[in-house]
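**Q** Prediction below, plus the sequence it came from.
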Amino acid sequence: MITCRAITKVFAMGTAKLEALRGVDIAIEAGEFISIMGPSGSGKSTLMNIIGCLDTPTAGTYLLDGREVAGMTFDQLAEARNRKIGFVFQNFNLLPYASAYENIELPMLFNGKSARQRRQRVEELLAQVGLADWRRHRPSELSGGQQQRIAIARALANDPPVILADEPTGNLDSASGEEIMALFNGLWRQGRTLVMVTHDPKIAAHSQRTVKLLDGRVVA
Amino acid sequence: MIAAFLVNFLRDLRRQPLRTVLTLSGVVWGTFSVAVLIAFGASVHRMQIKRAHGMGQNLVIAWPSRTTMPYGGFLKGHVVRLSAEDVEALPSRVSGIRRISPEFILPRRIRFGRQELNNSVRGVNPAFAVMRNTIPQTGRFIDPSDLERRRRVCFIGNTLAQDLFRGDTAVGRDIFIEGVPFIVVGVMKEKQQNSNYSGQRDEHCAFIPWTTFSALYGEKYVSNFLFQPEDPAGSKPLIRDLRRLLGRRLGFDPRDEDALFIWDVTELEQKFIAFFAAFTIFLGVIGSFTLLVGGVGVASIMLVVVEERTREIGVKLAVGAKRRTILRQFFAEAQALILFGGGIGFLLASLAVAATSRIKAVTDSVGTPVIDPVVSVSTVAVLLLIGTVSGLMPARRAAAVDPIQALRK
Ligand SMILES: Nc1ncnc2c1ncn2[C@@H]1O[C@H](COP(=O)(O)OP(=O)(O)OP(=O)(O)O)[C@@H](O)[C@H]1O
Ligand SMILES: [Mg+2]
């Protein structure tokens, strides 16, 4: 499903160069549930952004579902983000002025789904994350856990095969964190591929295996 | 897709009322002030032209007088006199005269029933009406057969008609001028007359055929004559030719300006045209600046909007919006806001103009302002351009960044 070979990412910081990733090889099968761990600054987010087509590697190859991502245009990347991948952020990244319903609907506004299809899907997802009664609320009126569940529903809107989550429980208390993990477990059981970054070994324990990053390299 | 786009668009507008209102008010103010400014400016212009034409258009008036230089054996002080026949023969002797009329003027007692006034009576020919804009409200002006048959008919000014008939129909009635009955054939339409010469303003006058005037009052020589040059801009050489010809025939030096005193109203009109060209340019400049200020307002709001919406752009990009979708959204938002704001601006301007048009004091001094559709359309077009460019540039920049960078904001 996801194959990374010798991925490097170099950030130019003025004159200095910062190597965030120094040759990362990773292969993730369809249906796997992987967690990525490592100390702060080890390049976890950088790697996730590349896998999520939000960013492109400086060098190396990345095959998503058998397709080379490195040469894709901006719009092709957008399409991959729209259909192949659902991304869940640590800080949710919901539109503050839109309701829960509208936030979930957002990805479907960019690929020509009919109004009826959209409504049906949003209702389904609201039920799935258990927030059907909160559809009209704005993010600021929801708890962190509820916001993250809306964000997960949004990630699922176009039914993508891959779900990526960068510290999805990082901003949540442990009870909310467990709810989120229950949701993720359900998604994995439906057959989706899950990749999750976390600092918390208890959270990582939900996954099938853990990849450790250190200084931009995979260790063990 | 379009429906989804509209959903997105309307939602974003509705969700941010403050921003929407700010942008709108800039556009509303810009279009309103330009439309009102131009409407009033153009109205003042029209009003002044109308007033200037109240006395006549492309007009030259000449008064035969006394010589102030000796000429051809005459001492100075010799009286220059010209008959009406001589006047009417002038176009065949000097080229470049389009139409001409002799004019006799005397104050006369004018009576109808118990009303009696002492007003100016002017003996003229039919060409007078065109030159002096004495347009009939009812009936007609004096015609060539009146002139030929020395009919006792008169065309009267609107105020004179009011004074004599008190609102009753005047046309067809007999009035007495110095005790002699005249049939009223027409009443002048009210006009704004800025300037005048010899006798009362046209609204108080009675106009009769000069042939009748001559015969009844024993006047052979005209008080003055008036003519229109073929070419309004070329009155100077025509006047020179005229002085030369008449000087030879009547015995005065062509350089003796007082012998034949001439008021070239076309000259005034040329100056007037030049003045109003300047006035229009002035208005245009003021209007452009107003528009620019409005445009800068719109532009700065667009800039702020894009700045504060970078995160939103980031989120949309992250969930799969294409670059052109984002751009189209900003584009459409700017345009819809400007069109809507422009519409409101013009509505308000029309209301303002309609309201002021009802106040007599306003219409008397500045005329009746009308919103110019060309100005309206071009104002909105300019704002559209400014708004679109100013909105699109930062939007392009925002949509060009990686979603990650936009999300960092
Ligand atoms: N856009 C960027 N420009 C410059 N440097 C960056 C950028 N993004 C990340 N970095 C740097 O790259 C390195 C890896 O960052 P990254 O965010 O991937 O770490 P991380 O493992 O996710 O850390 P954390 O656990 O704190 O989230 C860090 O040193 C970071 O400062
Ligand atoms: Mg990170």
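**A** Arrived safely. Ligands and ions are numbered 1, 2, ... in the order given.
**Q** hey, let's count contacts and neighbours off CA atoms from now on
**A** Fine.
**Q** Strands of the chain, residue ranges please.
**A** Looking at chain A here, since you left the chain open. A:2-13, A:16-28, A:33-37, A:59-64, A:67-68, A:85-88, A:162-166, A:193-197, A:209-214, A:217-219 (DSSP state E).
**Q** could you do chain B instead?
**A** Going by DSSP E, chain B shows strands at B:60-64, B:97-112, B:115-124, B:136-139, B:153-156, B:174-177, B:180-188, B:206-209, B:224-229, B:260-264.
**Q** Columns mean pLDDT, distance to ligand 1 and mean neighbour count on top of the ones you listed, output as CSV?
**A** Listed next are the strands of chain B as CSV, based on pLDDT from 0 to 100; distance: least, Cα to the nearest ligand atom, whole Å; neighbours: other Cα atoms under 10 Å in any protein chain shown:
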stretch, mean pLDDT, distance to ligand 1, mean neighbour count
strand B:60-64, 93, 83, 20
strand B:97-112, 95, 84, 20
strand B:115-124, 95, 93, 21
strand B:136-139, 94, 83, 16
strand B:153-156, 97, 90, 28
strand B:174-177, 96, 100, 20
strand B:180-188, 96, 85, 22
strand B:206-209, 97, 92, 29
strand B:224-229, 94, 81, 24
strand B:260-264, 91, 80, 18
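**Q** Nearest approach to chain A belongs to which of those strands?
**A** Set against chain A and scored by Cα to the nearest Cα, those come closest in strand B:136-139, at 66.6 Å.
**Q** Would you mind listing where chain A has pLDDT under the threshold?
**A** For chain A, the stretches with pLDDT under 70 are A:220.
**Q** Near chain B, which residues of it are found?
**A** A:49, A:54-55, A:74-75, A:77-83, A:86-87, A:93-95, A:97-98, A:106-107, A:109-115, A:155 (Cα under 8 Å from any Cα of the partner chain).
**Q** Within range of ligand 1, give me the residues from chain A.
**A** A:11, A:20, A:39-46 (Cα under 6 Å from any ligand atom).
**Q** repeat that with 8 Å
**A** Contacts of chain A with ligand 1, taken as Cα under 8 Å from any ligand atom, map to A:11-13, A:18-21, A:38-48, A:167, A:199, A:213, A:216.
**Q** Weed out the non-buried ones from those residues.
**A** Burial by neighbour count, judged by 16 or more other Cα atoms under 10 Å in any protein chain shown, picks out A:19-21, A:38, A:42-48, A:167, A:199, A:213, A:216 from those.
**Q** These in helices, which ones?
**A** Using DSSP state H, the subset of these located in helices is A:44-48.
**Q** Would you mind giving the strands of chain A as CSV with distance to A:Gly130 added?
**A** Putting these into CSV (distance: least, Cα to Cα, whole Å) gives the following:
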stretch, distance to A:Gly130
strand A:2-13, 30
strand A:16-28, 30
strand A:33-37, 23
strand A:59-64, 31
strand A:67-68, 35
strand A:85-88, 17
strand A:162-166, 19
strand A:193-197, 21
strand A:209-214, 28
strand A:217-219, 37
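**Q** So what's the residue count around residue 151?
**A** Defaulting to chain A. 27 (other Cα atoms under 10 Å in any protein chain shown).
**Q** if you could check chain B rather than the one you did, that'd help
**A** So B:Arg151, with other Cα under 10 Å, has 19 neighbours.
**Q** Thank you kindly, that will do.
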